[in-house]
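1. coords please:
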Amino acid sequence: MDTQTRHAIKHDALIDQAHSALGWLEDHKSEAILFTVIVVAVLAIGIGSILFYQHRQDEASIAFGGAMDIYSAPITPAEPGVRTFPSSVARAEAANKEFLKVADNFGSTDAGKNALYFSGLTYMEMGKTSDAETALKKVAEHGDTNLAALADLALVSLYRQSGRTQDAVQLLNHLAEHPTTTVPSGEAKLELAGIYEATNPEHAKEIYAELKDKDAKTTAGQIAAQKLQEMH
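-> Modelled structure (predicted):
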């Protein structure tokens with residue numbers, strides 16, 4: 001079979017396929033139109049969802065920034081024209097309300113999760129330990145790895161203040177075994193040794209000595225070395 005004949009056969013086959021497709025479209029015009037409408041609708045929904053998600057992220061970030069402005073406002077006295085608060089508790093109460101609004105309205109966004117974490121911190125400053133524990137546990141369970149570790153570390157502080165030493169020790173051991181960028185293993189071990197200084201000084205020395213040897217170049221190792229000197 002020569003080249004020209006093969007091209008002719010191939011060309012005829014393509015024409016037949018095109019006619020067949022056109023015939024199907026003619027016979028199934030309504031189905032084809034419906035399918036096209038569905039595809040366009042799905043694409044529109046997908047694009048709309050992305051744009052809506054980005055809009056929600058932007059809204060959440062702005063709202064979270066406003067709450068942080070309150071939380072970082074100075075305590076009186078301050079410069080004229082600068083928003084101030086009479087005490088750290090009053091500032092925490094004002095910031096807490098805004099953090100809760102962000103967490104409630106934008107809970108699925110990064111800013112919403114950060115706001116829930118700061119609501120826990122402000123609850124602690126207000127002396128509302130139960131509310132603080134509830135908020136921080138939610139962050140620890142549902143936040144990303146780094147934020148969850150920060151929430152756990154805040155819970156350690158809450159447990160120590162509340163006399164729940166064993167709970168604090170258990171959480172610190174977990175943090176030491178599962179280090180993150182926000183809470184490295186050395187930091188968790190320093191906190192753990194700090195607890196044992198009062199209850200088991202010899203064990204505290206063991207932890208400090210391990211940090212001094214294994215993490216000598218880190219801040220945790222340097223602090224551990226200093227702690228060892230102070231305990232001898």
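2. could you pull out the helices for the chain?
-> 3-27, 29-71, 88-105, 110-126, 129-142, 145-161, 165-177, 185-199, 201-214, 219-231 (DSSP state H).
3. Who are the packing partners of the third one?
-> Spelled out, it's helix 88-105. helix 29-71, helix 110-126 (3 or more CB pairs under 8 Å, 6 or more residues apart in numbering; DSSP states H and E). For every residue, glycine as well, the C-beta is placed using N, CA and C.
4. just to revisit the earlier point, could you provide the helices of the chain in JSON lines, with additional columns for mean neighbour count, mean pLDDT and distance to E79?
-> JSON lines is the format used below for the helices of the chain (neighbours: other CB atoms under 10 Å; pLDDT from 0 to 100; distance: least, CB to CB, whole Å):
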{"stretch": "helix 3-27", "mean neighbour count": "10", "mean pLDDT": "48", "distance to E79": "74"}
{"stretch": "helix 29-71", "mean neighbour count": "13", "mean pLDDT": "65", "distance to E79": "15"}
{"stretch": "helix 88-105", "mean neighbour count": "19", "mean pLDDT": "95", "distance to E79": "16"}
{"stretch": "helix 110-126", "mean neighbour count": "23", "mean pLDDT": "95", "distance to E79": "23"}
{"stretch": "helix 129-142", "mean neighbour count": "18", "mean pLDDT": "96", "distance to E79": "32"}
{"stretch": "helix 145-161", "mean neighbour count": "20", "mean pLDDT": "95", "distance to E79": "31"}
{"stretch": "helix 165-177", "mean neighbour count": "17", "mean pLDDT": "96", "distance to E79": "40"}
{"stretch": "helix 185-199", "mean neighbour count": "19", "mean pLDDT": "94", "distance to E79": "35"}
{"stretch": "helix 201-214", "mean neighbour count": "17", "mean pLDDT": "93", "distance to E79": "43"}
{"stretch": "helix 219-231", "mean neighbour count": "16", "mean pLDDT": "91", "distance to E79": "34"}
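5. Make CSV out of those and add distance to P77.
-> What follows is the helices of the chain, written out as CSV (distance: least, CB to CB, whole Å):
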stretch, distance to P77
helix 3-27, 79
helix 29-71, 18
helix 88-105, 14
helix 110-126, 20
helix 129-142, 29
helix 145-161, 29
helix 165-177, 37
helix 185-199, 34
helix 201-214, 41
helix 219-231, 34
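6. Any idea which of the ones you listed gets closest to V82?
-> helix 29-71 (11.1 Å; CB to CB).
7. D144: neighbour count?
-> 12 (other CB atoms under 10 Å).
8. Would you enumerate the residues in contact with it?
-> Shown in contact with D144 (CB atoms under 8 Å, 6 or more residues apart in numbering): K113.
9. hmm, back to that, wait, which of the helices of the chain is closest to G81?
-> helix 29-71 (14.5 Å).
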